[in-house]
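>>> following is a predicted model, sequence given first.
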Amino acid sequence: MLVITNISALYGVTPHHKLSGQDMAQNPVINNAYIVIEGGNIASFGEMSAIGKIPPDAPIIDAQGKVVLPSFCDSHTHIIYPTTRETEFIDRVKGLTYEEIAKRGGGILNSADVLANTSEDELYKSAYQRIIGVMKTGTGALEIKSGYGLSVDMEMKMLRVARRLQQDLPVTIRTTLLGAHAVGREYAGRQGDYVNMICEQMIPAVAAEGLADFVDVFCDKGFFTTQETEKILEAAAKYALPGKIHANELAVSGGVQVGVKNGALSVDHLEQMDQEAINALKNTTTMPTALPGASFFLGIPFSPVRKMINEGLPVAIASDYNPGSSPCGNMQFMMALGVIRAKLLPVEALTAATLNSAYAMGLGATHGSIAVGKRANLSILKSGATLDLIPYSYGENHIEKIILGGVVIN
Ligand code: NIG
Ligand code: FE
């Protein structure tokens with residue numbers, strides 16, 4: 001048992017699995033609150049005046065008037081990668097685009113070349129350190145994609161590393177097979193064959209070992225078509241693996257519609273949205289997910305999330321932590337970008353970065369908000385920090401203490 005008392009504001013108090021439209025700003029708060037944690041989960045919470053009898057030996061954290069948030073859920077990361085790619089970054093500073101770098105064999109293929117010569121242990125160690133880093137900035141659950149392997153063996157190597165990380169760390173981890181991130185070098189010029197190989201060999205092999213929870217496709221201009229995406233999603237559905245699609249980053253690609261049609265759990269990026277793509281998401285179970293870190297780092301438009309929320313959609317925010325387009329997994333900064341650049345209110349950005357992002361990786365029932373029975377993943381902010389200060393004083397870590405599964409981590 002662990003009891004937290006004297007919380008000045010306890011945010012994200014909702015039993016829902018996601019919040020849409022106007023409700024994203026209505027994510028409830030309790031002032032002057034307590035929480036009781038038992039068995040790693042939230043057992044009860046409420047106003048301090050209503051706190052029941054606490055056993056005399058129960059450990060207590062007196063929050064002393066500090067704010068408590070549900071931990072961030074980061075539903076889209078490529079946090080397992082062999083090395084950083086700052087040389088390409090400098091090329092972009094000099095004027096090349098992300099697509100130009102990819103076309104000349106850099107980008108994802110560059111990471112795949114290095115990964116082929118990196119051991120599972122090395123991959124594990126570097127990703128472990130990055131996860132410790134994002135835990136310190138408040139992330140309590142994250143999704144990890146493969147996608148730098150681009151062959152059956154190498155994709156499985158990445159996913160095995162992700163499963164090991166899941167066993168060894170207190171964060172909750174979900175894994176996604178992203179074989180269709182780029183065409184592997186052995187299949188250069190034979191994209192159709194590569195897609196067939198994903199459907200006929202890669203997905204069955206990954207499913208047989210239970211290495212992935214989801215399947216992703218980079219459905220965009222210069223990468224995979226909507227027809228190829230559909231084919232892969234259909235192959236994944238045979239193994240009950242839902243889709244999480246990279247869509248509409250570089251162009252209005254039809255990726256949103258193909259994701260929705262095939263019951264994808266989320267469609268991510270969405271920098272290029274037309275009204276048709278927005279309409280396609282209405283009244284569906286697919287979570288639109290913005291990745292503002294990629295917009296910021298690549299200097300491309302921000303997803304029109306304000307418009308999407310105004311039209312009644314739910315929106316999630318994730319980091320896209322990866323070496324090419326978003327080398328940062330700090331969800332406080334992602335929230336700040338959502339507020340500063342995409343005009344969300346801080347409370348909407350919080351909903352997007354916690355509950356809706358939990359939903360986007362199939363964790364809406366257990367993570368992302370303060371509710372009885374949900375996992376006790378919480379951040380206690382520093383003295384004087386408020387929700388509004390997270391986007392305002394961006395670039396600072398506002399978190400003092402992290403609790404994951406009811407265990408105090410720092
Ligand atoms: O989400 N868009 C595709 N994939 C990543 C980039 C990966 C990379 O450049 O290494 C993304 O932005
Ligand atoms: Fe991505």
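Nice, thanks for sending it over. Ligands and ions are numbered 1, 2, ... in the order given.

>>> in stretch 29-37, what's buried?
The neighbour-count check on stretch 29-37 (16 or more other C-beta atoms under 10 Å) flags Val29, Ile30, Ala33, Tyr34, Ile35, Val36, Ile37 as buried. The C-beta positions use only the backbone N, C-alpha and C, and glycine is treated the same way.

>>> check which helices and strands the helix or strand where the last one lies sits against.
Looking back up the chat, that one is Ile37. Ile37 is located in strand 30-38, with elements delineated by DSSP states H and E. Here strand 30-38 touches strand 2-10, strand 41-47, going by 3 or more C-beta pairs under 8 Å, 6 or more residues apart in numbering; DSSP states H and E.

>>> would you turn these into a markdown table with distance to Asn330, mean pLDDT and mean neighbour count?
As requested, the helices and strands packed on strand 30-38 are arranged in a markdown table below (distance: least, C-beta to C-beta, whole Å; pLDDT from 0 to 100; neighbours: other C-beta atoms under 10 Å):
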| stretch | distance to Asn330 | mean pLDDT | mean neighbour count |
| --- | --- | --- | --- |
| strand 2-10 | 22 | 98 | 20 |
| strand 41-47 | 25 | 98 | 17 |
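
>>> okay, whatever residue of the stretch 301-410 of the chain ends up closest to ligand 1: pLDDT?
At 2.1 Å from ligand 1, Gly324 is the closest residue in the stretch 301-410 of the chain, using C-beta to the nearest ligand atom. At Gly324, the predicted lDDT confidence score is 95.

>>> measure it to Ala294 for me?
Gly324 sits 9 Å away from Ala294, going by C-beta to C-beta, to the nearest Å.

>>> thinking again about what came up before, closest to Ala349 out of the buried residues of stretch 29-37?
Set against Ala349, the nearest of these by C-beta to C-beta is Val29 (14.5 Å).

>>> Pro55 sits in which helix or strand?
Per DSSP H and E, there is no helix or strand for Pro55.

>>> burial count for it?
The tally of other residues near Pro55 (other C-beta atoms under 10 Å) stands at 7.

>>> pLDDT added to the buried residues of stretch 29-37, as CSV?
Output for the buried residues of stretch 29-37, formatted as CSV (pLDDT from 0 to 100):
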residue, pLDDT
Val29, 98
Ile30, 98
Ala33, 98
Tyr34, 98
Ile35, 98
Val36, 98
Ile37, 98
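
>>> of those residues, which is the nearest to Glu88?
Val29 (42.7 Å).

>>> in contact with that closest one, which residues?
Counting by C-beta atoms under 8 Å, 6 or more residues apart in numbering, Val29 touches Ala9, Leu10, Tyr11, Val13.

>>> what do you get for Ser303?
By C-beta under 8 Å, 6+ apart, the neighbours of Ser303 are His269, Leu270, Glu271, Met273, Pro288, Ala290, Leu291, Pro292, Ser295, Ala342.

>>> ok, 7 Å please
Leu270, Glu271, Met273, Ala290, Ala342 (C-beta atoms under 7 Å, 6 or more residues apart in numbering).

>>> among the residues you listed, who's most crowded?
Going by other C-beta under 10 Å, Ala290 tops those with 30 neighbours.

>>> for this structure, list the residues in contact with ligand 1, please.
78, 107-108, 111, 218, 246, 249, 294, 320, 322-325 (C-beta under 6 Å from any ligand atom).

>>> give me the subset of these lying in helices.
Ile108, Ser111, Ala294 (DSSP state H).

>>> ok, those residues vs Phe45, which is closest?
Nearest to Phe45, judged by C-beta to C-beta, of those is Ala294 at 35.2 Å.

>>> surely the closest one touches Pro323?
No: with contact defined as C-beta atoms under 7 Å, Ala294 does not reach Pro323; the gap is 12.0 Å.

>>> between the two, who's got more neighbours?
Ranked by neighbour count (other C-beta under 10 Å), Ala294 and Pro323 place Ala294 first, with 27 against 22.

>>> so who does that one touch?
His269, Asp320, Ser325, Ser326.

>>> quick check: the last one touching Ser319?
By that I understand Ser326. Yes: using C-beta under 7 Å, Ser326 makes contact with Ser319 at a distance of 6.2 Å.

>>> residues that sit against both of those two, list them.
What both Ser326 and Ser319 touch, as defined by C-beta under 7 Å, 6+ apart, is the set Gly293.

>>> the two: who's more crowded?
Higher neighbour count among Ser326 and Ser319: Ser319, with 31 against 23, using other C-beta under 10 Å.

>>> what does the pLDDT read for that one?
For Ser319, pLDDT reads 98.

>>> what is the burial count for the nearest residue to it once chain neighbours are set aside?
Once flanking residues are discounted, Ser319 sits nearest to Gly329: 4.6 Å by C-beta to C-beta, 6 or more residues apart in numbering. By the measure other C-beta under 10 Å, the count of residues near Gly329 is 26.

>>> surely Thr77 is in contact with Leu142?
Yes: in terms of C-beta under 7 Å, Thr77 counts as a neighbour of Leu142; the distance is 5.4 Å.

>>> ok, those two, which is more surrounded?
Counted by other C-beta under 10 Å, Thr77 and Leu142 do not tie: Leu142 has more neighbours, with 30 against 27.

>>> distance-wise, check that one relative to Thr286.
20 Å.

>>> alpha carbons of stretch 190-208, as CSV, please.
This file holds the C-alpha atoms of stretch 190-208, laid out as CSV (Å, rounded to 0.1, in the frame of the first residue of the first chain):
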residue,chain,number,x,y,z
ARG,A,190,11.0,-4.9,-56.1
GLN,A,191,8.6,-3.3,-53.7
GLY,A,192,5.7,-5.7,-54.6
ASP,A,193,7.9,-8.7,-53.7
TYR,A,194,8.9,-7.0,-50.4
VAL,A,195,5.2,-6.5,-49.5
ASN,A,196,4.4,-10.1,-50.3
MET,A,197,7.3,-11.2,-48.2
ILE,A,198,6.0,-9.2,-45.3
CYS,A,199,2.5,-10.7,-45.7
GLU,A,200,3.6,-14.3,-46.3
GLN,A,201,6.7,-14.6,-44.1
MET,A,202,7.4,-11.8,-41.8
ILE,A,203,3.9,-11.4,-40.2
PRO,A,204,3.4,-15.2,-39.7
ALA,A,205,6.9,-15.5,-38.2
VAL,A,206,6.4,-12.6,-35.8
ALA,A,207,2.9,-13.8,-34.8
ALA,A,208,4.2,-17.4,-34.2
